[in-house]
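Engineer: Sharing a model that was predicted from the sequence below.
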Amino acid sequence: MNEQIKVGAFVLIGAVVLAVVIAILGKVQMRPGYEFDVTFKDISGLREDSPVRIAGVKVGKVTGFEIIPDGRAKVSVWIDKRYRIHHGCDARVVSTGLIGTKYLQLNTGDPEKTLIKSGETIEGISTVSVEEILESLKPSSGEEPLGTVLREVIDNIRRITRELNA
């Protein structure tokens, strides 16, 4: 084989190996920590690699998702070993603002309870979405539409205000 082809093949194989190693190390945690799961009814907007925060401090990250048989989402989280979380903690998906990115908010839980260990699953607190709120405001059969009811309320407030002014 030609010497240039050998060198070219060696460089190409080296580049492929380097790319694979970078891809693998990008997913591997270099710091010690532990991983557990949190189940939610809805995790809209949460992404893999979203931060996990306690009191606004990043303590870990979301490492994956899975749909469990009852239709809920199971979120896998990795937490730095420096941060100990007890059973009884609150876990919820929150955003940084009205249209901000989503992250997982935790608290440290009840110090009287045991620590959460790797592989355990806890129940998260599912927040109510805007769509669910709007759906709950839809009138049932036989009820007046919400717009009509709100118009009547506003008209009543105006009438009461006029009467008080008189």
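Structural biologist: Yep, that arrived.
Engineer: and residue 103, what helix or strand is that in?
Structural biologist: strand 102-106 (DSSP states H and E).
Engineer: so where's the longest helix in the protein?
Structural biologist: The residue-count maximum for a helix in the chain (DSSP state H) belongs to helix 3-27.
Engineer: For residue 39, the count of nearby residues, please.
Structural biologist: By other C-beta atoms under 10 Å, 18 other residues sit near residue 39. Just so you know, the C-beta spots here come from the backbone N, C-alpha and C atoms, and that holds for glycine as well.
Engineer: any weak-confidence spans in this structure?
Structural biologist: By pLDDT under 70, the weakly predicted segments of the chain are 1, 22-30, 98, 129-134, 136-137, 139-142.
Engineer: What ranges does it have for its helices?
Structural biologist: Under the criterion DSSP H, the chain contains helices at 3-27, 130-136, 146-165.
Engineer: Would you reformat those helices as a markdown table and include distance to residue 94 and mean neighbour count?
Structural biologist: Listed next are the helices of the chain as a markdown table, based on distance: least, C-beta to C-beta, whole Å; neighbours: other C-beta atoms under 10 Å:
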| stretch | distance to residue 94 | mean neighbour count |
| --- | --- | --- |
| helix 3-27 | 25 | 10 |
| helix 130-136 | 14 | 10 |
| helix 146-165 | 28 | 10 |
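Engineer: residues touching residue 118, list them.
Structural biologist: By C-beta atoms under 8 Å, 6 or more residues apart in numbering, residue 118 lies in contact with 34, 35, 36.
Engineer: What residues of the longest strand seen in the chain count as buried?
Structural biologist: Determined from DSSP state E, the single longest strand within the chain is strand 57-67. Neighbour-count burial for strand 57-67 flags 59, 60, 61, 62, 63 (criterion: 16 or more other C-beta atoms under 10 Å).
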